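**Q** Here is my input; please provide its structure:
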Amino acid sequence: MTGTVVITGATGSLAIEAIQQLLSSHSSLTIVGTVRHATKSPKSPYLLRLDELRSQFPNGKLLINTVDLSSISEVREFADKIAGLVESKELPPIVAIICNAFTWSLNGQKFSNDRLESTFQVNHLAHFLLVLTLVRSMDREKGRIVMLSSEVHDPEHTNPLSKLGAKLPANDELDELIKPGPDETGTEHDMGWRRYANSKLANVMFMQSLNQRLQQNPQFNKITVTAMDPGGLVASRAHTAQRSINRILFGLFAILLPIIKLFTHKLRSNADSARDVLALALDPEYNSTRGHFNGRKVQPPARASEDQAKREALWEACWKWVEMKDEETCMPAHCF
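**A** The predicted structure is shown next:
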């Protein structure tokens with residue numbers, strides 16, 4: 001197989017595993033990864049790990065780009081650059097876009113370079129803009145887009161780590177997602193979980209809305225979108241933002257994972273979830289497949305995501321927030 005795979009958050013725990021697996025088994029693919037500071041000095045251990053992978057697999061093609069997903073202008077510039085390289089045939093058509101990057105703020109609100117709430121911008125808005133700009137650069141026969149979901153995207157899910165779950169504002173109040181009022185004192189941690197859960201619900205709703213538009217367009221109706229819950233990654237670096245007791249628990253889970261896996265698939269290793277992501281992105285078994293998955297198993301999305309009016313209101317709000325122009329994408333602003 002030839003083609004380009006775009007993966008955001010290339011230094012993330014799951015992404016590094018996915019890149020290693022791609023380099024070892026798909027050397028004909030070109031991997032384009034985004035990181036926040038590709039030229040940072042001294043390099044982080046995770047950037048150094050990517051350098052090691054380049055050396056370990058000299059026949060592979062790994063391109064790392066600096067893209068700050070908290071900057072709409074940087075995301076747009078990167079997307080335009082990749083689209084231009086595909087058009088000029090300097091890069092092969094995109095066979096997969098894996099929307100992996102995320103952030104969260106469990107210790108109080110954080111805002112982006114664009115003065116928007118950072119969790120929603122990085123986790124959702126940046127990917128909304130990136131994907132819509134790159135759809136026309138995708139392989140129209142086998143292109144796939146994979147959004148990263150989470151079990152907390154479901155408002156009906158009980159999260160033992162937080163009292164608050166996903167809850168999107170009313171359609172006429174969606175601006176609260178990007179410009180929220182201050183957290184009440186003492187609620188910062190749980191509100192951080194709500195912000196994260198809302199961004200994951202938005203990812204799932206985007207998957208559904210984009211599939212609907214793709215299927216309505218004869219030129220692009222073979223491109224598919226899935227959303228995958230990777231499970232609780234016990235060795236994820238993201239746990240450094242958790243409360244100390246939760247960090248200790250996940251450390252124990254990592255040690256006990258071989259035993260835990262005998263009883264549940266809710267907790268997983270980075271390598272296992274990377275294999276699941278790559279299967280959805282590239283495996284012939286999932287050709288023409290759309291929808292929501294837990295690992296590689298089909299799982300119905302949250303009932304809240306089935307609200308067509310809410311999905312369209314969110315799509316149109318995101319379109320406005322990233323200042324999308326009709327000529328930037330082959331997907332329509334409104335679904336007919």
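
**Q** which residues does residue 330 contact?
**A** Each residue near residue 330 by C-beta atoms under 8 Å, 6 or more residues apart in numbering is listed here: 135, 136, 217, 219, 220. In short, each C-beta sits where N, CA and C put it, glycine included.

**Q** what about residue 238, neighbour count?
**A** For residue 238, the count of nearby residues is 16 (other C-beta atoms under 10 Å).

**Q** wait, doesn't it sit right on residue 13?
**A** Yes. Shown here, residue 238 and residue 13 form a contact pair, counting by C-beta atoms under 8 Å, at 7.2 Å.

**Q** before we move on, the earlier item: looking at neighbours, which among the contacts of residue 330 is most surrounded?
**A** residue 135 (24 neighbours).

**Q** So it belongs to a helix, correct?
**A** Yes. Assessed by DSSP: H, G, I helix; E, B strand; the rest coil, residue 135 belongs to a helix.

**Q** Excluding chain neighbours, give the residue nearest to it in space.
**A** The shortest distance from residue 135 to any non-neighbouring residue, by C-beta to C-beta, 6 or more residues apart in numbering, is to residue 330 (5.6 Å).

**Q** Bridge partners for the residue lying closest to residue 298 once chain neighbours are set aside, pull those for me.
**A** Among residues not flanking residue 298 along the chain, residue 291 sits closest, at 6.3 Å (C-beta to C-beta, 6+ apart). Residue 291 has these beta-bridge partners by DSSP bridges: residue 226.

**Q** Surely residue 291 is in contact with residue 229?
**A** No. The pair residue 291 / residue 229 is not scored as a contact, 11.9 Å apart, by C-beta under 8 Å.

**Q** Between these two, which is the more surrounded one?
**A** More neighbours surround residue 229 than the other of residue 291 and residue 229, with 25 against 17 (other C-beta under 10 Å).

**Q** quick one: contacts for that one?
**A** 149, 150, 151, 153, 292, 293, 294, 295, 299.

**Q** let's see 10 Å
**A** Contacts were defined as C-beta atoms under 10 Å, 6 or more residues apart in numbering; by that measure residue 229 touches 148-154, 200, 204, 266, 268, 273, 276, 292-295, 297, 299, 301.

**Q** got it, and residue 294?
**A** Neighbours of residue 294 in contact, by C-beta under 10 Å, 6+ apart: 149, 151, 228, 229, 230, 231, 265, 266, 276, 300.

**Q** Could you look up the SS state of residue 189?
**A** Following three-state DSSP, residue 189 is assigned to helix.

**Q** mind listing what the closest residue to it other than its chain neighbours touches?
**A** The shortest distance from residue 189 to any non-neighbouring residue, by C-beta to C-beta, 6+ apart, is to residue 106 (5.2 Å). Applying C-beta under 10 Å, 6+ apart to residue 106 gives the contacts 119, 161-162, 188-193, 195-196, 238, 241-243, 246.

**Q** same thing but at 6 Å, please
**A** 189, 192, 241 (C-beta atoms under 6 Å, 6 or more residues apart in numbering).

**Q** what's the closest non-adjacent residue to residue 233?
**A** residue 270 (5.6 Å).

**Q** mind listing the helices for the stretch 1-150 of the chain?
**A** 13-25, 45-56, 72-87, 118-120, 126-134 (DSSP state H, counting those that start in this stretch).

**Q** I'd assumed residue 38 was in contact with residue 66.
**A** Yes. When contacts are counted by C-beta atoms under 6 Å, residue 66 is listed as touching residue 38 (4.2 Å).

**Q** what about the residue nearest to residue 189, distance to residue 84?
**A** Residue 106 is 38 Å from residue 84, where distance means C-beta to C-beta, to the nearest Å.

**Q** Ok, residue 225 next?
**A** In terms of C-beta to C-beta, residue 225 sits 23 Å off from residue 84.

**Q** higher neighbour count, these two?
**A** residue 225 (25 against 12).
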